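1. sequence below, structure please.
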Amino acid sequence: MPKFEGTFGMHEILWSADEVAGGASSAETIAAAEAEVERVERLQEEIVERLRELKLEETGPVLRELATGIERYRDTNKGFVPRAIFKETLQVGGKDSCAEVVVRQVDKNGNVLGYWLKQRGSAELGWEGQFQVVGCSLTDNEGDEESIKTRLAKEVFGVADPTRLEGARRLGQTLHSEAKDGRARACRTEVLSIDVSGSYALSDSGEGWQFFTIDSLDQRVVDHHHNTLAWANDENRVATVDLREVYKPTQHYKVKFRVYAGSHNEGTEKRMTVRAQNEREAALKASTLANLPEYRKGAGRDDFWLFEVDTVVPVDQKAE
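-> Got it, this is the predicted structure:
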């Protein structure tokens, strides 16, 4: 016999036509279902109250039981977890792996005019109604290029066909935080990009998509995607970037430093130019490069070697 589905609160209840047509009336069946929901909610409240009495380090047995249940569910559901606890599992784990597609509007010469963002539906988990760079959280079963493009093609074009993204190019990998929305503190994201001539290239109707220039991004756009697009818009972007703070486009820095090798106590002054987002990053890059053979000429293999930064200034400023 067919089954009828009813939703009460956060729980889904199923009952069969046999139960409705048999000894129990539909009203009795619904009443029983509501009673079960109330029982589960009381049990949840009791468990939460008991947990609050424990220190975090005392909750190990509870977490192990939950972890075991989650793993069993993943084993039989292609790596997914129940929608009702999706955000909580990310929050507990602290990390997440995602993939996104930056959709660029370009002119006939390939110049980037702006970006197409898709509006999140009212049923989405978080950022409801806001516009986003289209993407998805990846399960532990999705690590190869084809599986990632299959998921992304479904999000962008509504069709799980990886060939739709054959022309996509890789922009790089970002790290951002979604902690404000009760998700992972560190989300590592593989970012691709595609070029289109308009929203009709994305769907038959073009509905749900909104065009933004890099300067028109506002509160309608998911917060961390402001940084994603600033990075994507940077022609000199680095391939791997931490976006948990405000993104600043990279620029050239002149680094003047001294190296001390062996008995040369007075040191030798050297200079180099590196590309970085800030002075600290420039100094770190310079210190790494300073250990390359070309900067260690004249120093023996076992000589004492010391690197000391004198000045770090943007390339458009003069290093004294």
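
2. flag every buried residue along stretch 159-169.
-> 162, 164-165, 168 (16 or more other Cβ atoms under 10 Å). Heads up, the C-betas are built off the backbone N, CA and C, glycines and all.

3. swap in stretch 85-96?
-> 87, 89-91, 96.

4. just put the buried residues of stretch 159-169 in a markdown table and tack on pLDDT.
-> As requested, the buried residues of stretch 159-169 are exported to a markdown table (pLDDT from 0 to 100):
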| residue | pLDDT |
| --- | --- |
| P162 | 92 |
| R164 | 91 |
| L165 | 92 |
| A168 | 94 |
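
5. what is the nearest of those to Y247?
-> A168 (21.8 Å; Cβ to Cβ).

6. related to what we said a few turns ago, can you redo the buried residues of stretch 159-169 as TSV with distance to H224 and secondary structure?
-> Formatted as TSV, the buried residues of stretch 159-169 follow (distance: Cβ to Cβ, whole Å; DSSP: H, G, I helix; E, B strand; the rest coil):
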residue	distance to H224	secondary structure
P162	26	helix
R164	26	helix
L165	22	helix
A168	21	coil
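
7. ok so, going back, which of the buried residues of stretch 85-96 sits closest to R185?
-> Among the buried residues of stretch 85-96, and counting by Cβ to Cβ, the member closest to R185 is Q91, at 8.2 Å.

8. isn't that closest one right next to G182, touching?
-> Yes. Counting by Cβ atoms under 8 Å, Q91 does reach G182; the two are 5.6 Å apart.

9. list residues touching both of those two?
-> Common neighbours of Q91 and G182, counting by Cβ atoms under 8 Å, 6 or more residues apart in numbering, are absent.

10. which of the buried residues of stretch 85-96 fall in strands?
-> Members of the buried residues of stretch 85-96 lying in strands (criterion: DSSP state E): D96.

11. can you name the element that comes right after the biggest helix by length in the chain?
-> For the chain, the helix with the greatest residue count under DSSP state H is helix 26-52. Next helix or strand after helix 26-52 toward the C-terminus (DSSP states H and E): helix 60-76.

12. who does the closest residue in space to A239 that isn't next to it in sequence form a beta bridge with?
-> Distance criterion Cβ to Cβ, 6 or more residues apart in numbering; nearest residue to A239, sequence neighbours excluded, is G172 at 3.9 Å. Using DSSP bridges, the bridge partners assigned to G172 are V191.

13. with E269 instead?
-> Under the criterion used (DSSP bridges), E269 bridges to R258.

14. burial count for it?
-> 10 (other Cβ atoms under 10 Å).

15. the strands in the stretch 201-320 of the chain, which residues?
-> 209-212, 240-242, 251-261, 268-276, 305-314 (DSSP state E, counting those that start in this stretch).

16. low pLDDT regions in the stretch 101-250 of the chain?
-> Across the stretch 101-250 of the chain, the ranges flagged by pLDDT under 70 are 142-143, 200, 203-206.

17. and L43, how far is that from Q251?
-> As judged by Cβ to Cβ, to the nearest Å, L43 and Q251 stand 58 Å apart.

18. so the two - more neighbours on which side?
-> Under the criterion of other Cβ under 10 Å, the comparison of L43 against Q251 puts Q251 first, with 15 against 10.

19. hmm, that one is touching P314, no?
-> Yes. Between Q251 and P314 there is a contact at 5.9 Å, judged by Cβ under 8 Å.

20. do you know the pLDDT at L14?
-> On pLDDT, L14 comes in at 43.

21. ok, G69 next?
-> 92.

22. next, count neighbours for it.
-> 13.

23. which residues touch it?
-> Taking Cβ under 8 Å, 6+ apart as the definition, G69 has no contacts.

24. now the longest helix of the chain against helix 60-76, angle please.
-> 130 degrees (axes from the mean of the first three to the mean of the last three Cα atoms, to 10 degrees).

25. list the buried residues for helix 26-52?
-> 29-30, 33, 37.

26. and stretch 61-78, by the same measure?
-> 70, 74.

27. re earlier: of the strands of the stretch 201-320 of the chain, which approaches R52 most closely?
-> strand 240-242 (34.7 Å).

28. ok, the closest one: who's next to it in the sheet?
-> strand 169-176 (parallel).
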